[in-house]
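A.B. asks: here is my input, please return the structure:
(chains A and B)
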Amino acid sequence: MAKVLMKGNEALGEGAVRAGCRYFFGYPITPQSELPHYLAKRMPEVGGLYLQSESETAAANMVFGAAGAGARVMTSSSGPGISLMQEGISYIAGAELPCVIVNMIRGGPGLGNIAPAQSDYFQAVKGGGHGDYRLICLAPASVQEIIDLMQDAFDLADKYRNPVMLLADGVLGQMMEPVELGEEKIAEAPEKPWAATGRKKGGPKRLINSLYIVPEECEKHNIKLAQKYDTIRRNEQRWEEYRVDDATMILVAFGTCARICKAVVDSARNEGMAVGLIRPITVWPYPTDVITRVREKAEQFLVVEMNMGQMIEDVKLAVEGMRPVHFYGRSGGMMPVARDVFGEVKKLYNGGAA
Amino acid sequence: MINNVRRITIFTGNLGSGKTELAINFALWLKKKHQRVGIVDLDIINPYFRTRIMKDYLEKMGLRVICPPGKLAGADVPALSPAILGVLEDEQGMGVFDVGGDDIGATALGRFKPYLPEGAYHMYFVANACRPFTGKPAGIVKMLRSVEKASRLKVTALVSNTNLGLATDPDTVMAGHAVVEEAARQLQLPVAFMAVKSDLAPEMTRRVPQVPVFPVDLRMLPPWLRE
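C.D. replies: Residues are numbered from 1 along each chain as shown, chains lettered A, B, ... in the order given. Next comes the predicted model:
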């Protein structure tokens, strides 16, 4: 099939439809509004439901309900809207329901602005809502990868009965790239014997709940969740390596920053510097395994982010103090420029001299 | 090259059809022949890749750029500058309008209907057959009608603008052009010209000698392709 030119936000919508998602609940916010705009047109074509909720709080709870009934369901928003959803997201995680949540990050904190950012990293991978839970968190870096990861997002959500977040910055939502959609085969959602679809003539009671009023039982539930998260940590780390093998300096970046850093790695290689890039594709579980591996050869790390330094904490945890971990970031909706990142690389590579 | 230029040229189309790139290139092309050329950013729905981010460059090239002033340029509010009327009423100057995508974006245009008497303007509908919803003639017709309804203005011609951004190849352009021509036939509208990125222009001129080919230099680049 021929290629299609898509915006990242549209690709999220098309990817979801192809992954069998038939329910979208959300509320518009820049820079992700093309996604609800797209699904408002697309969902009716496939017999699905698009509903604009009265608020993000309502959207999260609609997702809770649809997921509890066994549907493949998603919502999306940006920073402030995702903050509003946190109560619902915690309930969904507590009730172990599969769903997909998109955060197309914009400049913050507070109302901030509509420009692209990566400053919701902490919120996405360290909790966000209350209680001891984790989101599986995927960070695409191209429009094609958005399409591909949407299928994985729904599959992972169902496999682990856990909410999955797609974390991207506004640029990925707004930019257009050609994508290969492949044949339009709509995935079937798997059987969900736990779904609250009725007892079916005396079957067991199906209850979707996150209330554990007896502390002993709530602890048991937490331990069960923790074991699930450990399994995910072991099995689902994903990353891309770019010119890493002989690199003495490793850049670590996700999403748009990784695209910029790839260009920087090429510039550095052209000048004979052994620089490589690790691009986390899952930011939770964090690809600790690859960092642990490359820290043997690499002499130093440089983390590049569109925030004041968030993912760097996970890199440091993986490096365990064995190597210096430096940081370069822009924030508030500003993007790093390849030339500036390259300047930083050169400086560090030459032992701090400019 | 394109003839039959009117004082006001309006670029409409679906979201991501290439209106902004076209409007910029078209205005710069007009500037070669006309002293006063204004470009109006009427895009109230696209937050990032819109004319206003090119403001400094375009002004340096001698264009009058009409977009929300100063701080408001980055605001998420559908603000329209009063200076737009200046472009519409300036009988000695040329005006190029970059309208927001889809019927939603075209709504902003309807407000200027009293200033746009028939015959005074060209309203182009930019069609890219590689985009979702306009890959087939029926999709183009449907989208075009919704833009007309929202703007309360009639499209005067189509622009054949099939592309995959920087990855565009001549065969893709040809396949898309056939779709656009069929839509034009059904709509009984002409295809004003074919727009292609400039390096493909000679090849496309050879392949479709009957249609004017307008070369476009792409300027809305993602951050990793910018200097």
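
A.B. asks: return the helix or strand in chain A with minimum mean pLDDT.
C.D. replies: Within chain A, no helix or strand scores below helix A:170-174, which has a mean of 92 by mean pLDDT, DSSP states H and E.

A.B. asks: packing partners for that helix?
C.D. replies: The contact analysis (3 or more C-beta pairs under 8 Å, 6 or more residues apart in numbering or on different chains; DSSP states H and E) places helix A:170-174 against helix A:8-18, helix A:34-45, strand A:99-105, helix A:255-270. Just so you know, the C-beta spots here come from the backbone N, C-alpha and C atoms, and that holds for glycine as well.

A.B. asks: apply 10 Å and report the result again.
C.D. replies: Packed against helix A:170-174 by the contact rule (3 or more C-beta pairs under 10 Å, 6 or more residues apart in numbering or on different chains; DSSP states H and E) you find strand A:4-7, helix A:8-18, helix A:34-45, strand A:99-105, helix A:143-160, helix A:255-270.

A.B. asks: how about those in TSV, adding distance to B:Pro190?
C.D. replies: Output for the helices and strands packed on helix A:170-174, formatted as TSV (distance: least, C-beta to C-beta, whole Å):
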stretch	distance to B:Pro190
strand A:4-7	24
helix A:8-18	29
helix A:34-45	28
strand A:99-105	39
helix A:143-160	33
helix A:255-270	40
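
A.B. asks: JSON lines please, covering the ones you listed and showing distance to B:Lys113, mean neighbour count and mean pLDDT.
C.D. replies: Shown next, in JSON lines, are the helices and strands packed on helix A:170-174 (distance: least, C-beta to C-beta, whole Å; neighbours: other C-beta atoms under 10 Å in any protein chain shown; pLDDT from 0 to 100):
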{"stretch": "strand A:4-7", "distance to B:Lys113": "29", "mean neighbour count": "26", "mean pLDDT": "95"}
{"stretch": "helix A:8-18", "distance to B:Lys113": "30", "mean neighbour count": "28", "mean pLDDT": "96"}
{"stretch": "helix A:34-45", "distance to B:Lys113": "25", "mean neighbour count": "20", "mean pLDDT": "95"}
{"stretch": "strand A:99-105", "distance to B:Lys113": "34", "mean neighbour count": "29", "mean pLDDT": "98"}
{"stretch": "helix A:143-160", "distance to B:Lys113": "36", "mean neighbour count": "22", "mean pLDDT": "96"}
{"stretch": "helix A:255-270", "distance to B:Lys113": "40", "mean neighbour count": "22", "mean pLDDT": "97"}
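
A.B. asks: would JSON lines of these with distance to chain B be doable?
C.D. replies: As requested, the helices and strands packed on helix A:170-174 are exported to JSON lines (distance: least, C-beta to the nearest C-beta, whole Å):
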{"stretch": "strand A:4-7", "distance to chain B": "4"}
{"stretch": "helix A:8-18", "distance to chain B": "6"}
{"stretch": "helix A:34-45", "distance to chain B": "7"}
{"stretch": "strand A:99-105", "distance to chain B": "11"}
{"stretch": "helix A:143-160", "distance to chain B": "10"}
{"stretch": "helix A:255-270", "distance to chain B": "4"}
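
A.B. asks: still on that earlier bit, any idea how far the least confident helix or strand of chain A is from the chain center?
C.D. replies: How far helix A:170-174 lies from its chain's middle: 14 Å, per C-alpha atoms, centre = their mean, to the nearest Å.

A.B. asks: now the nearest residue to B:Val179 once chain neighbours are set aside: how far from A:Pro28?
C.D. replies: Spatial nearest neighbour of B:Val179, excluding adjacent residues (C-beta to C-beta, 6 or more residues apart in numbering or on different chains): B:Ala129 at 4.1 Å. To A:Pro28, B:Ala129 is 28 Å away according to C-beta to C-beta, to the nearest Å.

A.B. asks: swap in A:Ser331?
C.D. replies: 25 Å.

A.B. asks: can you get me a residue count around A:Asp238?
C.D. replies: You called it Asp, but residue A:238 is Arg. A total of 16 residues lie near A:Arg238 under the criterion other C-beta atoms under 10 Å in any protein chain shown.

A.B. asks: pick out whichever of B:Ala129 and A:Pro28 has more residues nearby.
C.D. replies: A count of neighbours by other C-beta under 10 Å puts B:Ala129 above the other of B:Ala129 and A:Pro28, at 28 against 16.

A.B. asks: which residues does that one contact?
C.D. replies: Residues counted as contacts of B:Ala129 (C-beta atoms under 10 Å, 6 or more residues apart in numbering or on different chains) are A:2, A:4-5, B:17, B:135-137, B:139-140, B:160-163, B:172-173, B:175-180, B:182-183.

A.B. asks: where does it land on pLDDT?
C.D. replies: The per-residue pLDDT reported for B:Ala129 equals 97.

A.B. asks: same check on the one 5 residues further on?
C.D. replies: Per-residue confidence at B:Thr134 stands at 94 (pLDDT).

A.B. asks: again, but for A:Met1
C.D. replies: pLDDT at A:Met1 comes out at 48.

A.B. asks: in the longest helix belonging to chain B, what counts as buried?
C.D. replies: Ranked by residue count, the top helix of chain B under DSSP state H comes out as helix B:170-187. Residues B:Thr172, B:Val173, B:Gly176, B:His177, B:Val179, B:Val180, B:Glu181, B:Glu182, B:Ala183, B:Ala184, B:Leu187 are the ones in helix B:170-187 that count as buried (16 or more other C-beta atoms under 10 Å in any protein chain shown).

A.B. asks: hey, C-alpha coordinates of it in PDB?
C.D. replies: The C-alpha coordinates for helix B:170-187 follow below in PDB (Å, rounded to 0.1, in the frame of the first residue of the first chain):
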ATOM      1  CA  PRO B 170       7.500  11.900  -9.100                       C
ATOM      2  CA  ASP B 171       5.300   8.800  -9.300                       C
ATOM      3  CA  THR B 172       3.600   9.700  -6.000                       C
ATOM      4  CA  VAL B 173       2.900  13.200  -7.500                       C
ATOM      5  CA  MET B 174       1.500  11.600 -10.700                       C
ATOM      6  CA  ALA B 175      -0.800   9.200  -8.800                       C
ATOM      7  CA  GLY B 176      -2.100  12.000  -6.600                       C
ATOM      8  CA  HIS B 177      -2.600  14.300  -9.600                       C
ATOM      9  CA  ALA B 178      -4.900  11.800 -11.200                       C
ATOM     10  CA  VAL B 179      -7.100  11.800  -8.000                       C
ATOM     11  CA  VAL B 180      -7.200  15.600  -7.900                       C
ATOM     12  CA  GLU B 181      -8.100  15.800 -11.600                       C
ATOM     13  CA  GLU B 182     -10.900  13.400 -11.200                       C
ATOM     14  CA  ALA B 183     -12.200  15.400  -8.200                       C
ATOM     15  CA  ALA B 184     -11.900  18.600 -10.300                       C
ATOM     16  CA  ARG B 185     -13.900  17.000 -13.100                       C
ATOM     17  CA  GLN B 186     -16.700  15.900 -10.700                       C
ATOM     18  CA  LEU B 187     -16.700  19.500  -9.200                       C
END
